[in-house]
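A.B. asks: Based on what follows, work out the 3D shape:
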Amino acid sequence: VSRADGCGMEPYQFAKAEADARACALAAELGVPLCTLCPSMVFGPPRGRAQLSALSCELVLGWLRAERRVESRLAVDCR
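C.D. replies: Numbering: from 1, shown residues only. The predicted structure is shown next:
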């Protein structure tokens, strides 16, 4: 179970689960259809200059420079 004050990706996972639950409740209340997505990858800003070699940075830079084939992934970039 993710926590709002957890380490790593836990705050994102917690917020995503909370937002999905609230959106589902509101959609049911209003009688409207709703579809939520669960991305397989979440990109965010590096936590410091030393992390510029992180996988997400390498992937995005490779795509932008046409050095890497763009893969079909359900991804969210929250930079």
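
A.B. asks: tell me the mean pLDDT for stretch 32-47?
C.D. replies: What stretch 32-47 shows for mean pLDDT is 75.

A.B. asks: all helices in this structure, in order from the N-terminus.
C.D. replies: Along the chain, the segments classed as helices by DSSP state H run 10-30, 55-64.

A.B. asks: Out of those helices, which is closest to residue 3?
C.D. replies: helix 10-30 (5.4 Å; C-beta to C-beta). From N, CA and C alone the C-beta is placed, and that goes for glycine too.

A.B. asks: Which parts of that closest one count as buried, going by neighbours?
C.D. replies: Neighbour counts over helix 10-30 (16 or more other C-beta atoms under 10 Å) mark 12, 13, 14, 16 as buried.

A.B. asks: Once you drop chain neighbours, what's closest to residue 15?
C.D. replies: Distance criterion C-beta to C-beta, 6 or more residues apart in numbering; nearest residue to residue 15, sequence neighbours excluded, is residue 4 at 7.2 Å.

A.B. asks: what are the phi and psi angles of that neighbour?
C.D. replies: The phi and psi values for residue 4, taken as degrees, to the nearest 10, are phi -60, psi -30.

A.B. asks: okay if I get the helices of the chain as a markdown table plus distance to residue 70?
C.D. replies: What follows is the helices of the chain, written out as a markdown table (distance: least, C-beta to C-beta, whole Å):
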| stretch | distance to residue 70 |
| --- | --- |
| helix 10-30 | 23 |
| helix 55-64 | 5 |
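
A.B. asks: Out of the ones you listed, the one nearest residue 71 is which?
C.D. replies: Smallest distance to residue 71 across these (C-beta to C-beta): 8.1 Å, for helix 55-64.
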